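1. What follows is a predicted structure for the sequence shown.
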Amino acid sequence: MKTEGIDREFWLLATWDKSTQKYRLWGFQTLPFTLEGDIRFEGDEMITEWVSVRPDGTKVSDSNRYRLTSNGQLEIASYRQAGNEPMTKIGFLTGERMP
């Protein structure tokens, strides 16, 4: 997917690992800077988190939660928290397994 008006692309690749009987998710994106973050697992979800700083100095925490549903769909929920504000859900994507 490429968003008009900015030079940024986001790619997500899901592969099936026969040896572990699980999906592996690979994310790639073009950014004007390098992000450092963490990946962890909670229950049936994979969570990616990273922190960035806005030009005004406010720290922003972003995260994505990846989950496979029982019918083979991939769900990705995105969240953001700026400073001391409450965590806000900013996006939700679903993908279906292709035959």
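-> That came through, no problem. Numbering: from 1, shown residues only.

2. Which other helices and strands does the helix or strand hosting D38 contact?
-> Taking DSSP states H and E as the definition, one finds D38 inside strand 37-42. Where contact means 3 or more CB pairs under 8 Å, 6 or more residues apart in numbering; DSSP states H and E, strand 37-42 is packed against strand 45-53. Using the backbone N, CA and C atoms, a C-beta is placed for each residue, glycine as well.

3. Show me which positions of the strand holding D38 end up buried.
-> The neighbour-count check on strand 37-42 (16 or more other CB atoms under 10 Å) flags nothing as buried.

4. strand partners of that strand, parallel vs antiparallel please.
-> strand 45-53 (antiparallel) (DSSP bridges).

5. mind listing what the helix or strand that the strand it pairs with is followed by pairs with, with the direction of each?
-> The C-terminal neighbour of strand 45-53 among helices and strands, as given by DSSP H and E, is strand 59-68. Note on strand 59-68: by DSSP bridges, its sheet partners are strand 45-53 (antiparallel), strand 74-82 (antiparallel).
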